[in-house]
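**Q** coordinates only, no sequence provided:
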Ligand code: ATP
Ligand code: AMO
């Protein structure tokens, strides 16, 4: 029976293993084959004088990154990785890799990001890359687990839509028979409609599509968003929910991913306690003191402004009380001060991770806000109708999963956190 490489120890005496040939070293009378699978490495040592003809033939023919099956005796060895080695009595090449390889999996030669992404299947054989996706899987698990425990219903909404939700960023049109259709920018309108349906607490983890024109290290054209919506809740309730979810996700990664974190050699820290709440007006003051550009109240925060404020804050934080004019039409203005609204962004010191708000649940006010933003309520009829038949007050947010993983692991580029990223120039693989 096949044994994962990590579990091969001298105590088991003999083993049958499969894996990829990570490295080959030939020292004349001796040759070494470092095998790799998702659990680790194992050295196969061939003593040429003692090995069978069949083993010698396969060993001579095999190339790096081929898939092989080896069985033999397991012995202690202080010079081999993990302090043990296997002496092959059987050596089969299951799938031979062509040479030269498109990129060096053993990391002796570093490849450009584009070469790596073009050959993601090979790139992801590198333990440092695989570790990122093990952690991303744990993040997904922790988030889902947390939300289920909080009583949320997991929903799946359509990604083919007839209208924009967010504004500000462009839509991708798609060919949909004789209708005009687009890829959805956010499940925003759908999660709100499920509040009208009485689901009370919903979440969705799914793709969002944004035709961002520029290539940046923190924007994708297809991102993964963690979206929640909660009825009978205000912006403060969902900010509390968000910070608890983030902390518990970090804690889960800390508890379950120590090998992957060690492989990445990253400075991983679980954020502590409450994230400070910084009103937008104060955030603008901080930014205008530290950034070399004109910044006025009412401006969106540029990336440079975000970084300057982040440096000052030094930890995760919220920016609250945004000007109503620069947040989407669905954000609820304060009753006594309608120029500002119950919207927030949740920030990592390096970038925005989430936007959210208490939403407008009153039909007339929502139509008024849409008109103020230059949108035509007629094209949002499917969304507006539920507000006429019993819409509870509600609030929610969306977190970019890719940015969450990127900032958690201090990755230099969002593409590192995505298996098959989509950007301005990339639609394959
Ligand atoms: P929003 O908060 O409006 O949904 P967003 O999530 O894209 O937008 P960020 O990604 O945090 O917001 O963007 C912060 C800042 O980065 C923006 O205000 C802008 O200055 C800059 N920015 C946003 N999108 C792009 C882009 N596609 N290309 C270059 N810079 C951008
Ligand atoms: P927003 O547009 O701020 O809010 O998006 C929410 C979060 O999604 C992530 N994100 C992206 N990540 C990578 N590339 C992109 N192009 C990209 N665009 C967005 C970010 C961002 O903070 N409907 C609201 C959410 C709500 O109010 O519930 C929304 O979509 O991390």
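**A** Cool, got the structure. Fair warning: this is a prediction, and the values are worked out from it, not measured in the lab. Ligands and ions are numbered 1, 2, ... in the order given.
**Q** how far away is the closest residue to residue 98 other than its chain neighbours from ligand 2?
**A** The shortest distance from residue 98 to any non-neighbouring residue, by Cβ to Cβ, 6 or more residues apart in numbering, is to residue 63 (7.4 Å). Every residue, glycine included, has its C-beta placed from N, CA and C. Residue 63 sits 39 Å away from ligand 2 when distances are taken as Cβ to the nearest ligand atom, to the nearest Å.
**Q** so how far is residue 279 from residue 341?
**A** 12 Å (Cβ to Cβ, to the nearest Å).
**Q** before we move on, what about residue 53?
**A** On the measure of Cβ to Cβ, residue 53 and residue 279 end up 78 Å apart.
**Q** go on, residue 326?
**A** On the measure of Cβ to Cβ, residue 326 and residue 279 end up 14 Å apart.
**Q** which one of residue 341 and residue 279 has more residues nearby?
**A** residue 341 (27 against 15; other Cβ atoms under 10 Å).
**Q** so what's the more buried one bridging to?
**A** residue 333 (DSSP bridges).
**Q** check contacts around it.
**A** Counting by Cβ atoms under 8 Å, 6 or more residues apart in numbering, residue 341 touches 321, 322, 323, 324, 327, 331, 332, 333, 334, 357.
**Q** next one: residue 281, what pLDDT does it get?
**A** Residue 281 is assigned 98 on the pLDDT scale.
**Q** quick one: it is in a helix?
**A** Yes - the assignment for residue 281 is a helix, going by DSSP: H, G, I helix; E, B strand; the rest coil.
**Q** how about it, nearest residue that isn't a chain neighbour?
**A** Nearest to residue 281 is residue 297, by Cβ to Cβ, 6+ apart, at 6.5 Å.
**Q** and the gap between that neighbour and ligand 1?
**A** The gap separating residue 297 from ligand 1 is 15 Å, by Cβ to the nearest ligand atom.
**Q** next, that residue: secondary structure please.
**A** For residue 297, the secondary-structure state derived from three-state DSSP is coil.
**Q** that one contacts residue 284, correct?
**A** Yes - with contact defined as Cβ atoms under 8 Å, residue 297 and residue 284 form a contacting pair (5.5 Å).
**Q** quick one, which of these two is more surrounded?
**A** residue 284 (20 against 10).
**Q** contacts only, for that one.
**A** With contacts defined as Cβ under 8 Å, 6+ apart, the neighbours of residue 284 are 295, 296, 297, 299, 301.
**Q** rewinding a little: now render the contacts of residue 341 as CSV, adding neighbour count, distance to residue 374 and pLDDT.
**A** Formatted as CSV, those follow (neighbours: other Cβ atoms under 10 Å; distance: Cβ to Cβ, whole Å; pLDDT from 0 to 100):
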residue, neighbour count, distance to residue 374, pLDDT
321, 21, 24, 98
322, 24, 19, 98
323, 18, 17, 98
324, 22, 14, 98
327, 23, 15, 97
331, 23, 16, 98
332, 25, 20, 98
333, 19, 17, 98
334, 13, 22, 98
357, 23, 19, 98
